[in-house]
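Student: Just to be clear, the model below is a prediction. Sequence and coordinates:
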Amino acid sequence: MELLTDQGLRLDGRRPNELRNIKCKMGVYNQADGSAYIEQGNTKVLATVYGPHQPRGQARNRIHHDEALVNCQYSQAVFSAGERKNRPRGDRKSQEISIHIRQALVAAIRTELYPRSQLDIFVEVLQADGGNFCACVNAATLALVDAGVGMREYAVACSASLANGEVPLVDISHLEEMTGGPNLTVASLPISGQVALMEMSQRFHSDHLPKVLERALEGCKDIHRILDDTVRKHVEETGRASGWGQVDRAGIVL
Amino acid sequence: MAGVLLSEAEKTFILHGVQNDLRNDGRSKQDYRPIELEMDIVTHANGSARVRLANTDILVGVKTEIDVPKSDQPNQGKIEFFVDCSANATPEFEGKGGEDLATEISNFLRSSFASPLSFDLKTLCILKGVQCWILYVDILILECGGNLFDAVSLAVKAALHNTMVPNVETVAMDGGNVDLQLSGDPYDCWRLDITNIPCLVTLTKIGEHLIVDPTAEEEECSMASLVLAVTENGRINSICKTSVGSLHPQTLSDALKVGAEVGVGLNKALKEALAREEKRLQADKPERFGFLK
């Protein structure tokens, strides 16, 4: 199966630099301090944030006196993929993704603001169709914003691949992952353009790395714009009720 | 349930409300909170449903697979329940924290489905003693706002209603091996009969009164709860007492009467909701809400 047709279209009809359709929502649940839901194509992820709060249970022994303890858990619903999973979390793959999500987010969170406290971030994949990690990081970022946790900037993740040995593709779907092309996953801080986490599977010549990385970072910037729009719209809506977010088009507080 | 802290005064307030048949959200003792239902929202599952009962959020996915029947029930299929308490609901469920609750719910569901009068496993048989369908009913608890059992059972019944089991075209025996041919058309499916599947009704005792659909705060004030599995025609086929505390035998017989009545109403409401939802899904390109609403 070819990743790119002669007409320059991908398996699902996208162009090489095109993202999947992103829909997101903040403030899905009331009980959590922050929550968000994101759909990237057919990948659907729910994220919640609890805290910063007093460390609980085992975490009490691990608290830092100068920064917050960030605790991440990735779990994937057993019915989320084509084949039924045996358990939702606790396997090696999930643990690895938990650690990576934590790495990507800690780069953005201002942990020094919350010494001796704990921040819980839970992500749940409801439907998996490639790019689970990316969707998780993006959902967690929205949930952190919803919880009002201090952040340097958004942490945004995006994947990229290389088709026909020359054309970089952005936002890889499950089908494209399975077809066996290389997969470069990048979590970045898009405003400053810094890379918080980078992971790669398969291989390509190192000459291609700059353009594939460039494509992934571009994808991050595009996603950042969508997330930022969502945040602004959400704040405008919730603010309108309490009367504090009312800004007219010229940016003057009414 | 999850981290609800109530003072004595708040508990007394709730107790007095129940005594006067006016609970603190304005309901009477036998009223349910508003329930939202959506079917067919997980495309990777054969059937799925999401139920939101006020703050309680349940997502159920059903997957069908082919398996070998049990040797003592060669002409029956299998059904398995798996409950996952997501840490999204409360940080206490992180890691293995939700397993006790998950086992309690899945065990009770299993016992309420055990009777052939509630769900006939024979329909899941493909070839006697050799091949059968196994239904994996996977329940994901995303938020706990009280009354988990009822919400879970509604979601399970809706997801089973939504489940499409592929038709088997030919079954051939080749020596000891079975050669199954499934229909190539993804819409060539049959639906399960859910008529007699019970809904669970939780009755919570607060003071001297029994209430249905307790909120998380009310659960905190209760001494004991009873869960009944009630079918459409008011038959009770499973019962279990949850949480600590004790009940008088007289309360038990009262509970059976009230529970059967409420259960019939609940089944009827669900049946109507399923029919409405079914009609909506049959439209050309129905709108999917999911969690975006």
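Tutor: Structure received. Everything numeric in this text was worked out from a predicted model, so none of it was measured.
Student: From the contact counts, what lies against the host helix or strand of B:E277?
Tutor: If you go by DSSP states H and E, B:E277 is part of helix B:249-282. With contacts defined as 3 or more Cβ pairs under 8 Å, 6 or more residues apart in numbering or on different chains; DSSP states H and E, the packing partners of helix B:249-282 are strand B:35-39, helix B:148-162, strand B:199-206, strand B:209-212, strand B:224-230, strand B:236-242. (Glycine included, C-beta is placed from N, CA and C.)
Student: between that helix and strand B:224-230, how many degrees?
Tutor: Orientation note: helix B:249-282 sits at an angle of 50 degrees relative to strand B:224-230 (axes from the mean of the first three to the mean of the last three Cα atoms, to 10 degrees).
Student: Now tabulate the helices and strands packed on helix B:249-282 in TSV and tack on mean neighbour count, mean pLDDT and distance to B:L256.
Tutor: Shown next, in TSV, are the helices and strands packed on helix B:249-282 (neighbours: other Cβ atoms under 10 Å in any protein chain shown; pLDDT from 0 to 100; distance: least, Cβ to Cβ, whole Å):
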stretch	mean neighbour count	mean pLDDT	distance to B:L256
strand B:35-39	19	94	24
helix B:148-162	26	96	16
strand B:199-206	26	94	9
strand B:209-212	22	93	11
strand B:224-230	23	94	7
strand B:236-242	17	91	6
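Student: For stretch A:198-214, what is the distance to the chain centroid?
Tutor: 20 Å (Cα atoms, centre = their mean, to the nearest Å).
Student: how about the helices of the stretch 51-200 of chain B, start to end?
Tutor: B:99-113, B:148-162 (DSSP state H, counting those that start in this stretch).
Student: Next: the stretch 51-200 of chain A.
Tutor: So, for the stretch 51-200 of chain A - with DSSP H, counting those that start in this stretch - the helices run A:92-106, A:132-147, A:174-179.
Student: Up against chain B, what does the stretch 101-250 of chain A have?
Tutor: Residues of the stretch 101-250 of chain A lying close to chain B by Cβ under 8 Å from any Cβ of the partner chain are A:D120, A:F122, A:E124, A:L126, A:Q127, A:A128.
Student: Who are the contact partners of B:E38?
Tutor: B:A49, B:R50, B:E277, B:R288, B:F289, B:G290 (Cβ atoms under 8 Å, 6 or more residues apart in numbering or on different chains).
Student: if we can go back for a sec, pick the most deeply packed of the helices of the stretch 51-200 of chain A.
Tutor: helix A:132-147 (a mean of 27; mean count of other Cβ atoms under 10 Å in any protein chain shown).
Student: can you give me the angle that helix makes with helix A:92-106?
Tutor: For helix A:132-147 against helix A:92-106, the angle by the same axes, to 10 degrees is 40 degrees.
Student: could you dump helix A:132-147 to CSV, C-alpha only?
Tutor: Provided in CSV are the C-alpha atoms of helix A:132-147 (Å, rounded to 0.1, in the frame of the first residue of the first chain):
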residue,chain,number,x,y,z
ASN,A,132,-3.0,8.5,20.8
PHE,A,133,-0.1,10.2,22.5
CYS,A,134,-0.5,13.4,20.6
ALA,A,135,-4.2,13.6,21.3
CYS,A,136,-3.5,12.9,25.0
VAL,A,137,-1.0,15.7,25.3
ASN,A,138,-3.3,18.1,23.6
ALA,A,139,-6.3,17.1,25.7
ALA,A,140,-4.2,17.3,28.9
THR,A,141,-3.1,20.8,28.0
LEU,A,142,-6.7,22.0,27.6
ALA,A,143,-7.6,20.4,30.9
LEU,A,144,-4.7,22.1,32.6
VAL,A,145,-5.8,25.5,31.2
ASP,A,146,-9.3,24.7,32.4
ALA,A,147,-8.0,23.9,35.9
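Student: how far out from the middle of the chain is it?
Tutor: On Cα atoms, centre = their mean, the centre of helix A:132-147 falls 5 Å from the chain's centre.
Student: give me every residue that touches the closest residue to A:E166 other than its chain neighbours.
Tutor: Of all residues beyond its chain neighbours, the one nearest A:E166 is A:H208 (7.6 Å), with distances taken as Cβ to Cβ, 6 or more residues apart in numbering or on different chains. Neighbouring residues of A:H208 by Cβ under 8 Å, 6+ apart: A:L162, A:G165, A:E166, A:P168.
Student: go with 10 Å
Tutor: Contacts for A:H208 (Cβ atoms under 10 Å, 6 or more residues apart in numbering or on different chains) come out as A:L162, A:G165, A:E166, A:V167, A:P168, A:P182, A:L184.
Student: how close does it get to A:P168?
Tutor: As judged by Cβ to Cβ, to the nearest Å, A:H208 and A:P168 stand 8 Å apart.
Student: Can you give me the pLDDT of residue 141?
Tutor: Going with chain A. pLDDT, A:T141: 97.
Student: Chain B is the one I meant
Tutor: 95.
Student: was I right about it contacting B:F82?
Tutor: No - contact criterion Cβ atoms under 10 Å: B:I141 and B:F82 do not qualify, at 11.5 Å.
Student: With neighbour numbers in mind, choose between these two.
Tutor: Neighbour totals were compared for B:I141 and B:F82, and B:I141 leads with 25 against 19 (other Cβ atoms under 10 Å in any protein chain shown).
Student: Look up the closest residue to the more buried one, ignoring the ones flanking it.
Tutor: Nearest to B:I141 is B:C85, by Cβ to Cβ, 6+ apart, at 4.9 Å.
Student: give me the residue from chain B nearest chain A.
Tutor: B:G61 (3.0 Å; Cβ to the nearest Cβ).
Student: and that residue, bridged to which residues?
Tutor: Following DSSP bridges, B:G61 is listed with bridge partners B:S48, B:D138.
Student: repeat for A:Q194
Tutor: Taking DSSP bridges as the rule, A:Q194 bridges to A:L189.
Student: any idea how far B:N75 is from the closest residue to B:A172 other than its chain neighbours?
Tutor: Counting by Cβ to Cβ, 6+ apart, B:A172 lies nearest to B:D179, which is 4.4 Å off, once chain neighbours are set aside. Distance, B:D179 to B:N75, using Cβ to Cβ: 20 Å.
Student: which residues touch B:L274?
Tutor: Per Cβ under 10 Å, 6+ apart, neighbours of B:L274: B:L37, B:M39, B:A49, B:L154, B:K157, B:A158, B:H161, B:N162, B:I194.
Student: so can I have CSV of those showing distance to chain A?
Tutor: Converted to CSV, these look like this (distance: Cβ to the nearest Cβ, whole Å):
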residue, distance to chain A
B:L37, 17
B:M39, 14
B:A49, 12
B:L154, 18
B:K157, 17
B:A158, 15
B:H161, 16
B:N162, 13
B:I194, 19
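Student: List just the nearest of the residues you listed to A:Q103.
Tutor: B:A49 (35.9 Å; Cβ to Cβ).
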